[in-house]
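1. sharing a model prediction with you, sequence too.
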Amino acid sequence: MDVIESKVNVNSEEYKSNHKEMTALVDHLKQELDRSLNERSEKSLHRQKESGKLPAQKKLELLLDRNTPFLEIAPLAAKDMYDGKIHKAGLLMGIGVVEGKECMITINDATIKGGAIYPMGVKKTLRCQAIAMENRLPLISFMDSSGAFLPMQSEIFPDLDDGGRIFRNQAMMSKMGIPQISGVMGLCTAGGAYGVAMCDEIVHVKGHGAIFLGGPPLVKAATGEEVSANDLGGAEIHCRDSGVSDYYAEDDAHAIQIIRQITKNLPENEKARLSMAEPAPPLYDPKELYGIVSPDLAKPYDCREVIARIVDGSRFLEFKEMYGPTIVTGWANIHGYPVGILGNNGILFSDSAQKATQFIQLCDKRKIPLLFLQNINGFIVGSEYEKTGITKGGHKMVNAVSTASVPKFTMIVGASFGAGNYAMCGRAFSPRFLWMWPNSQIGVMGGVQAADVLITITNDQRARLGQEPMTKEEEQFIKDPVTANALKEGNPYYSTSQLWDDGIIDPAKTRDVLGIAISASLNAPIRDDEYGFGVFRM
């Protein structure tokens with residue numbers, strides 16, 4: 001592979017300006033991540049300390065192998081939703097290494113509303129299960145929840161993607177042979193009881209761990225019986241009498257020690273094999289990405305400069321370099337893992353879409369994971385382009401993205417608009433993981449473009465009615481709210497709050513985040529050959 005020769009001038013005013021703006025965005029991201037981790041009420045922290053329970057972060061530290069990475073998923077889920085204090089949607093969740101095995105880990109944070117489950121907590125749990133199923137990762141859960149947040153039960157309980165789906169997924173994971181291990185470290189009420197009972201192995205902490213379909217208040221209301229949480233569903237009851245729980249733990253730390261032993265005892269899962277290369281750092285400093293990519297999405301840059309700072313040795317074998325130049329395709333390695341990369345250098349034309357389609361097919365046949373670097377405003381439009389088949393070209397690319405069954409990873413590094421989001425493997429196309437950079441924006445189209453479309457449509461309607469076009473003031477009356485709403489809902493923090501992605505990341509950490517994710521994906525077969533590709537319209 002050839003080494004990418006960077007053309008970036010790190011001494012230019014443009015580079016320095018970009019670097020300053022991106023540094024500010026990254027600093028803000030760090031502040032938000034710190035807030036989601038540490039902003040808790042004194043009352044909840046005091047209650048946790050009195051109970052003898054360990055904080056969620058401490059539980060994670062005790063569970064993970066020392067000096068191993070942890071890839072947190074959706075750390076800013078539910079940001080600014082509800083009362084603005086349901087940090088991480090109440091769940092600490094991610095991929096970590098336990099006794100040498102990559103595992104999906106989820107931990108209730110009882111310092112947030114007693115671990116009550118909000119709608120976004122359900123959505124985050126479902127995302128956790130999807131990752132475990134797609135990548136065949138053992139699932140370890142530390143349970144401590146007061147149950148569903150009842151004022152919002154209609155958004156939690158009945159629908160296809162609501163709480164009940166969690167238990168259906170648990171049954172499916174059991175059928176798939178994916179280990180599920182639960183630590184009962186607090187209340188597990190109603191659905192929480194089923195969530196524990198449907199696991200393969202259960203470790204129950206004495207004193208504050210309790211499992212019951214109906215808690216003491218409901219039991220009293222329904223039957224008149226007065227009973228404590230421990231007498232109703234404590235460790236002694238379920239380890240000795242009911243047999244629901246399998247291991248008796250003295251405290252949280254003891255429970256985690258047992259869970260590590262259980263994980264160690266799991267059979268080895270032979271990972272999928274790729275044609276590996278010797279890992280090597282990029283030739284260029286990843287922090288130079290701050291100066292290359294402008295927060296102003298209207299300013300173009302060569303995506304090869306991004307590739308050069310995330311791949312091993314900055315080496316890249318480009319495919320069809322001269323054809324379809326608005327998309328860059330080629331092969332590289334990240335932490336030794338082979339990847340096929342697609343990066344945007346402008347909007348998609350028929351030739352760039354066909355080039356991407358062929359490249360995706362090649363990677364899928366050769367069992368090479370795909371990485372999409374999204375900075376895309378969409379496909380070219382206009383009568384001449386329709387005549388030359390832009391719709392067919394787009395169809396082929398979307399078809400190929402949809403049906404390629406090798407692991408796919410998406411990094412939104414700039415714009416992600418309209419059908420460009422689809423063609424470059426947006427969330428709806430089930431990449432194994434999807435992240436955003438803090439400068440990115442997402443939407444059907446940009447705010448200015450959306451406003452201009454509405455103004456054009458309105459003026460066309462007025463013309464048909466024989467009316468005069470709108471005045472500048474009337475146009476501005478339409479434009480301002482549309483633009484403001486697009487900026488709000490296209491913001492990466494809005495996206496990550498809604499769980500449209502798996503997190504906003506520091507651009508300089510892109511390479512390491514991808515390395516962990518690719519490694520985790522190899523716990524599942526590299527490709528499913530059941531269907532192959534669909535019909536490509538000629």
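-> Received it, and whenever you're ready, just let me know what you need. Numbering: from 1, shown residues only.

2. in the chain, where is pLDDT below threshold?
-> The model of the chain has pLDDT under 70 over residues 528-531, 537-538.

3. got a list of what the residue of the chain most remote from its centre touches?
-> Within the chain, the residue lying farthest from the chain centre (Cα atoms, centre = their mean) is residue 466, at 50.5 Å. With contacts defined as Cβ atoms under 8 Å, 6 or more residues apart in numbering, residue 466 has no neighbours. C-beta: built from backbone N, CA, C; applies to glycine.

4. for residue 49, see how far away it is.
-> Distance of residue 466 to residue 49, computed by Cβ to Cβ, to the nearest Å: 74 Å.

5. and residue 341, by the same measure?
-> 48 Å.

6. quick one, which of the two is more surrounded?
-> residue 341 (29 against 11; other Cβ atoms under 10 Å).

7. surely the more buried one touches residue 371?
-> Yes. Taking contacts as Cβ atoms under 8 Å, residue 341 lies within contact range of residue 371: 4.9 Å.

8. surely residue 66 is within a helix?
-> No. Applying DSSP: H, G, I helix; E, B strand; the rest coil, one finds residue 66 to be coil, outside a helix.

9. that one - how many residues pack around it?
-> 6.

10. next one: phi and psi at residue 43?
-> phi -60, psi -50 (degrees, to the nearest 10).

11. from residue 207, how far off is it?
-> 21 Å.

12. next one: residue 74
-> In terms of Cβ to Cβ, residue 74 sits 31 Å off from residue 207.

13. neighbour-wise, which of the two wins?
-> Shown here are residue 74 and residue 207; by other Cβ under 10 Å, residue 74 has more neighbours (27 against 14).

14. contacting residues around that one?
-> 88, 89, 93, 124, 127, 496, 499, 501, 502, 503.

15. now find how far off-centre stretch 330-337 is within its chain.
-> On the basis of Cα atoms, centre = their mean, to the nearest Å, stretch 330-337 sits 21 Å off its chain's mean C-alpha point.

16. ok, residues contacting it?
-> For stretch 330-337, contacts defined as Cβ under 8 Å, 6+ apart pick out 1, 274, 276-279, 307, 310-313, 315-319, 321, 338-341, 368-369, 371, 511-512, 514-515, 518-519.

17. among those, which lie within strands?
-> 315, 316, 317, 318, 319, 338, 339, 340, 341, 371 (DSSP state E).

18. which helix in this protein has the most residues?
-> helix 13-38 (DSSP state H).

19. residues of it that come out buried?
-> 15, 18, 19, 21, 22, 25, 26, 29, 32, 33, 36, 37 (16 or more other Cβ atoms under 10 Å).

20. now these as a markdown table including distance to residue 217?
-> Below are the buried residues of helix 13-38 laid out as a markdown table (distance: Cβ to Cβ, whole Å):
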| residue | distance to residue 217 |
| --- | --- |
| 15 | 62 |
| 18 | 57 |
| 19 | 57 |
| 21 | 53 |
| 22 | 51 |
| 25 | 47 |
| 26 | 46 |
| 29 | 41 |
| 32 | 36 |
| 33 | 36 |
| 36 | 31 |
| 37 | 32 |
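
21. which one of those residues is nearest to residue 409?
-> Checking the buried residues of helix 13-38 against residue 409 by Cβ to Cβ gives residue 29 as the nearest, at 19.9 Å.

22. give the contact list for that closest one.
-> Per Cβ under 8 Å, 6+ apart, neighbours of residue 29: 438, 504, 506.

23. of the residues you listed - the most surrounded one?
-> residue 504 (26 neighbours).

24. and residue 102, that's in a helix?
-> No. Checked against three-state DSSP, residue 102 lies outside a helix; its state is strand.

25. run a quick neighbour tally on the closest residue in space to residue 149 that isn't next to it in sequence.
-> Spatial nearest neighbour of residue 149, chain neighbours left out: residue 116 (4.4 Å); criterion: Cβ to Cβ, 6 or more residues apart in numbering. Residue 116 sits with 19 neighbouring residues when counted by other Cβ under 10 Å.

26. one more: residue 275?
-> By the measure other Cβ under 10 Å, the count of residues near residue 275 is 11.

27. give me the phi and psi for it.
-> Residue torsions, per degrees, to the nearest 10, at residue 275 are phi -80, psi 90.

28. next: residue 202.
-> phi -130, psi 130.

29. please, where are all the helices along the stretch 201-350 of the chain?
-> Assignment of helices within the stretch 201-350 of the chain using DSSP state H, counting those that start in this stretch yields the ranges 216-223, 229-233, 235-236, 252-265, 289-292, 303-307, 350-365.

30. turn the ones you listed into JSON lines, including distance to residue 138 and mean neighbour count.
-> Conversion of these to JSON lines gives the following (distance: least, Cβ to Cβ, whole Å; neighbours: other Cβ atoms under 10 Å):
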{"stretch": "helix 216-223", "distance to residue 138": "33", "mean neighbour count": "12"}
{"stretch": "helix 229-233", "distance to residue 138": "26", "mean neighbour count": "18"}
{"stretch": "helix 235-236", "distance to residue 138": "23", "mean neighbour count": "19"}
{"stretch": "helix 252-265", "distance to residue 138": "7", "mean neighbour count": "19"}
{"stretch": "helix 289-292", "distance to residue 138": "34", "mean neighbour count": "24"}
{"stretch": "helix 303-307", "distance to residue 138": "33", "mean neighbour count": "22"}
{"stretch": "helix 350-365", "distance to residue 138": "27", "mean neighbour count": "22"}
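
31. nearest to residue 199, of the ones you listed?
-> helix 252-265 (10.7 Å).

32. which residue sits closest to residue 294, ignoring its sequence neighbours?
-> Once flanking residues are discounted, residue 294 sits nearest to residue 18: 4.7 Å by Cβ to Cβ, 6+ apart.

33. tell me who's in contact with the one you found.
-> Per Cβ under 8 Å, 6+ apart, neighbours of residue 18: 290, 291, 292, 293, 294, 295.

34. closest to residue 68 out of these?
-> residue 290 (27.6 Å).

35. once you drop chain neighbours, what's closest to that closest one?
-> residue 22 (3.9 Å).

36. my read is that the one you found contacts residue 439, right?
-> Yes. Counting by Cβ under 8 Å, residue 22 touches residue 439, with 6.4 Å between them.
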